[in-house]
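Peer 1: Sequence unavailable; structure follows:
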């Protein structure tokens with residue numbers, strides 16, 4: 001660990017010292033992180049605190065301009081981590097940026113917060129361009145024109161200007177230059193291009209213009225029925241995904257900030273520049289990508305194969321599928337490589353306890369937009385904590401929690417008004433997650449800092465986050481929906497972006513939760529057969545598994561399911577036929593799969609699995625309904641009132657259907673044959689050991705609890721969490737008073753249990 005890790009340690013020690021003095025100086029305690037059992041797979045072994053988003057605009061770059069945001073959030077929010085990114089044209093490589101960040105980080109520490117800074121290469125694109133001008137990303141645009149007749153035709157292929165949040169107040173991914181890549185001529189029929197007629201006519205064309213505006217070329221005339229396809233490459237203002245110096249450059253960015261005591265570092269929505277409504281008439285390219293493609297497919301020219309991929313050719317359907325499969329797999333694997341290298345580099349520079357954020361999701365939905373952005377590399381992009389954004393399907397969120405052994409997931413969330421937040425924090429909690437709070441969007445710049453602070457929302461979040469102290473494992477999802485990764489990335493058929501949400505939605509609607517996992521996780525070894533013969537993913541064992549659309553899989557996948565069938569611990573199901581392998585060859589995959597695997601359509605398979613789980617005595621969790629966020633596509637999310645079950649045995653009740661601070665919970669629970677009673681508000685959670693003795697409990701607005709050998713009666717309601725620590729001793733957290741903060745003597749009903757209580761000050765709404 002390098003010297004800078006001591007800086008991170010200083011921040012954690014300072015927070016711990018505040019905790020030690022909690023009883024004496026209760027008003028100063030904003031946040032607490034405690035050691036959690038069962039985190040041996042994780043670099044960060046403590047409970048997760050509240051996380052908010054901070055976007056730097058011109059204000060933050062004024063002298064001490066960072067203080068307003070930090071002062072407001074110190075009082076009116078309980079965040080102790082801030083995922084922080086520039087929305088300003090100043091590049092992170094400049095001395096001015098470094099000096100301002102360092103001052104802000106040190107001031108944030110004084111206010112009890114740590115910064116998780118965005119140090120992505122896209123915030124240093126000008127610096128990369130100046131050093132490596134030949135390593136910028138290209139986008140190939142294919143344009144067809146008829147050649148019939150003796151006269152030549154002038155063709156202009158216009159350049160592209162792409163944008164995302166990294167270009168929000170900085171230069172877009174505009175076209176730096178363009179070039180003619182190649183021109184092909186061919187005969188196109190109703191059945192597609194005749195491959196025997198394809199001819200490279202680039203040398204016969206006259207280039208009139210290659211500029212940032214686009215490519216202008218004169219194409220010669222030809223016979224009736226002949227078509228020319230002009231392939232123009234646009235060089236964009238962003239590093240190429242396959243650039244040879246990309247990883248080295250990002251390491252240097254981290255080293256540049258090694259003297260800053262950051263709590264972590266971000267890489268947000270990595271991938272190719274985002275495109276809305278993408279089509280295969282525009283495909284990513286670079287000379288480095290072409291070299292990688294030829295290395296994996298000797299004898300194949302990527303430029304020629306781009307024509308095949310984009311347009312298709314009669315009689316070469318299998319070859320088209322194979323080309324797309326290799327191209328897309330190569331792309332998502334490279335994106336995952338970059339993400340994972342970044343993760344390890346952050347740990348090397350800032351220490352193992354530095355958080356790596358934020359989310360690999362962009363459009364946040366398995367759609368063509370996401371496919372062309374990152375190839376659905378979400379599950380292979382390493383993080384300390386499962387992280388998503390916007391309306392990512394809950395089935396993907398829970399699967400990511402299993403992959404990274406996260407006790408919970410976080411979702412960077414925004415909408416146009418505060419009302420959806422106030423409902424969806426409860427849906428998040430019942431789905432095994434928490435919010436990473438993004439300001440309202442769209443919203444005026446002047447309101448970015450304050451848009452979330454005037455509601456009871458962040459007080460309710462502090463109440464929900466009592467669960468973090470006792471949650472050691474993710475949500476129990478007894479079903480795995482394993483979607484064919486190649487099929488979902490292949491546009492030659494009708495499966496682009498289809499990952500089986502029809503199945504997961506039907507299961508979640510009934511309260512039988514399913515994890516959504518790509519088939520590539522089998523080859524990676526993450527989805528495996530465990531010691532008792534179950535299909536497993538991280539800590540989750542599955543009672544049922546669905547192989548969804550296995551078209552284009554490698555034959556080795558069949559062997560995995562044969563092994564599962566031999567053990568017979570996980571029932572096997574299939575939706576969709578398997579008639580071609582990854583290289584486009586005819587393959588009877590249906591016959592290659594085990595006889596025990598039951599085939600059917602999505603609705604029938606979901607219905608069959610629900611019946612199986614009911615017959616096995618598996619209780620449903622909270623039913624779900626269709627819901628989106630911020631205008632993104634909808635999928636199933638738990639209703640805002642219900643019950644959840646974690647893999648560590650914790651049972652959670654949560655209800656925020658009628659009130660943002662939570663609804664009354666007055667109930668008697670049966671927990672594995674043992675009776676537990678709660679009188680609480682908003683949240684009530686409990687975990688018992690095998691003998692029915694209490695291990696952990698959390699409740700909002702608790703008045704009374706009885707169960708597991710412990711009884712608590714309070715005169716005044718209070719938010720508490722109570723658990724046995726590593727020494728087997730009781731330890732607790734107390735949040736007294738919804739608006740007043742922690743104060744007053746410790747209730748005798750609590751001091752009788754233990755003297756080891758930490759008192760947390762709740763945020764106060766901004767008036």
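Peer 2: Arrived safely, thanks for sending. Computed from a predicted model, the values in this text were never measured in an experiment.

Peer 1: Let me know whether residue 210 touches residue 179 as I believe.
Peer 2: Yes - the criterion here is Cβ atoms under 8 Å, and residue 210 meets it with residue 179 at 5.1 Å. In short, each C-beta sits where N, CA and C put it, glycine included.

Peer 1: Burial check on residue 62, number of neighbours?
Peer 2: Around residue 62 there are 11 other residues, counting by other Cβ atoms under 10 Å.

Peer 1: which residues does it contact?
Peer 2: Under the criterion of Cβ atoms under 8 Å, 6 or more residues apart in numbering, residue 62 has no contact partners.

Peer 1: Next one: it, what pLDDT does it get?
Peer 2: As predicted, residue 62 sits at a pLDDT of 97.

Peer 1: cool, residue 743 as well?
Peer 2: 62.

Peer 1: Contacts for stretch 450-457 next, please.
Peer 2: 52, 72-73, 76-77, 418, 421-422, 425, 437, 439-440, 443, 458, 660-661, 738, 765-767.

Peer 1: Just the buried residues from the residues you listed, in PyMOL please.
Peer 2: To isolate the buried members of these in PyMOL, using 16 or more other Cβ atoms under 10 Å:
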select buried, resi 52+73+76+77+421+422+425+437+439+440+458+660+661+738+766
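
Peer 1: Give the residue spans of the stretch 201-350 of the chain that score low on pLDDT.
Peer 2: Counting by pLDDT under 70, not a single residue of the stretch 201-350 of the chain qualifies.

Peer 1: List the contacts of the spatially most central residue of the chain.
Peer 2: The chain has residue 388 as the residue nearest its centroid, 2.8 Å off, counting by Cα atoms, centre = their mean. Neighbour list for residue 388: 359, 361, 364, 378, 396, 397, 400, 409, 410, 411, 412 [criterion: Cβ under 8 Å, 6+ apart].

Peer 1: thinking again about what came up before, could you pick out which of the contacts of stretch 450-457 are located in helices?
Peer 2: Of the contacts of stretch 450-457, the ones assigned to helices by DSSP state H are 72, 73, 76, 418, 421, 422, 425, 458.

Peer 1: and the contacts of residue 388, which of them are in helices?
Peer 2: 396, 397, 400.

Peer 1: any idea which of those residues is the one closest to residue 447?
Peer 2: residue 397 (28.2 Å; Cβ to Cβ).

Peer 1: residues near the nearest residue to that closest one once chain neighbours are set aside, how many?
Peer 2: Nearest residue to residue 397 in three dimensions, chain neighbours excluded: residue 409, at 4.6 Å (Cβ to Cβ, 6 or more residues apart in numbering). When neighbours are counted by other Cβ under 10 Å, residue 409 registers 30.

Peer 1: Name all residues that make contact with residue 409.
Peer 2: Taking Cβ under 8 Å, 6+ apart, one finds 385, 386, 387, 388, 397, 398, 400, 401, 432, 433, 434, 474 in contact with residue 409.

Peer 1: before we move on, the earlier item: closest one to residue 449 out of the ones in helices among the contacts of residue 388, please.
Peer 2: Using Cβ to Cβ, the ones in helices among the contacts of residue 388 come closest to residue 449 at residue 397, 27.9 Å.

Peer 1: Do I have it right that that closest one meets residue 431?
Peer 2: Yes - with contact defined as Cβ under 8 Å, residue 397 reaches residue 431; the gap is 6.8 Å.

Peer 1: Now do the contacts for residue 590.
Peer 2: Contacts of residue 590 by Cβ under 8 Å, 6+ apart are 574, 577, 578, 579, 599.

Peer 1: Please indicate which of the residues you listed are buried?
Peer 2: 574, 578.

Peer 1: between the contacts of residue 590, which is closest to residue 131?
Peer 2: residue 578 (46.9 Å).

Peer 1: Chain neighbours aside, what residue packs nearest to the closest one?
Peer 2: residue 589 (2.5 Å).

Peer 1: What separation do you get for the one you found and residue 87?
Peer 2: Distance check for residue 589 against residue 87: by Cβ to Cβ, to the nearest Å, it reads 48 Å.

Peer 1: With neighbour numbers in mind, choose between these two.
Peer 2: residue 589 (21 against 17).

Peer 1: Distance from the longest helix seen in the chain to the middle of the chain?
Peer 2: Criterion DSSP H: the longest helix present in the chain is helix 317-350. Centre-to-centre, helix 317-350 and its host chain are 16 Å apart (Cα atoms, centre = their mean, to the nearest Å).

Peer 1: Buried residues, that helix. List them.
Peer 2: Buried-residue list, helix 317-350, by 16+ other Cβ under 10 Å: 319-343, 345-350.

Peer 1: Summarise which helices and strands it is packed against.
Peer 2: Packing contacts for helix 317-350, counted by 3 or more Cβ pairs under 8 Å, 6 or more residues apart in numbering; DSSP states H and E, involve helix 4-20, helix 246-256, strand 264-266, helix 287-296, helix 302-311, strand 355-357, helix 368-374, helix 485-489.

Peer 1: tell me what the following helix or strand past the last one is packed against?
Peer 2: Towards the C-terminus, the helix or strand next in line after helix 485-489, according to DSSP states H and E, is helix 501-509. Applying 3+ Cβ pairs under 8 Å, 6+ apart, one finds that helix 501-509 contacts helix 394-403, strand 479-483, strand 514-518, helix 602-615, strand 624-627, strand 635-638.

Peer 1: low pLDDT regions in this protein?
Peer 2: Ranges of the chain meeting pLDDT under 70: 1-28, 736-743.

Peer 1: Domain map for it?
Peer 2: 4-122+333-469, 128-243+271-327, 479-615, 639-759 (automatic domain parsing).

Peer 1: Can you check which of those gets nearest to residue 257?
Peer 2: Closest among these, using Cβ to Cβ: domain 4-122+333-469, at 6.3 Å.

Peer 1: Can you say which of the domains of the chain is nearest to residue 631?
Peer 2: domain 4-122+333-469 (8.5 Å).

Peer 1: which residues of the stretch 501-650 of the chain fall in strands?
Peer 2: 514-518, 527-529, 535-537, 540-541, 544-548, 571-575, 598-599, 624-627, 635-638, 641-645 (DSSP state E, counting those that start in this stretch).

Peer 1: Contacts for the third one next, please.
Peer 2: Okay, so that is strand 535-537. 399, 402-403, 480, 515, 517, 521, 526-530, 541-542, 545, 564, 569-570.

Peer 1: Quick one: buried ones out of those?
Peer 2: Buried among these (16+ other Cβ under 10 Å): 399, 402-403, 480, 515, 517, 521, 526-530, 541-542, 545, 564, 569-570.

Peer 1: Phi, psi for the spatially most distant residue from the centre of the chain please.
Peer 2: Largest separation from the mean C-alpha position in the chain: residue 150, at 54.7 Å (Cα atoms, centre = their mean). Dihedral angles of residue 150 (phi, psi; degrees, to the nearest 10) stand at phi -80, psi -20.

Peer 1: again with the one 3 residues further on
Peer 2: Listed backbone geometry of residue 153 is phi -130, psi 130, with angles given as degrees, to the nearest 10.

Peer 1: contacting residues around it?
Peer 2: Residue 153 neighbours (Cβ under 8 Å, 6+ apart): 145, 146, 147, 218, 219, 221, 228.

Peer 1: Count the residues that sit near the fifth one.
Peer 2: Here the count is done by other Cβ under 10 Å, and residue 219 has 22 residues near it.

Peer 1: Mind listing the residues bridging to it?
Peer 2: For residue 219, the residues forming beta bridges with it (DSSP bridges) are residue 153.

Peer 1: That one touches residue 183, doesn't it?
Peer 2: Yes - contact criterion Cβ under 8 Å: residue 219 and residue 183 qualify, at 6.4 Å.

Peer 1: Mind listing the shared neighbours of these two?
Peer 2: 201, 205, 228, 230.
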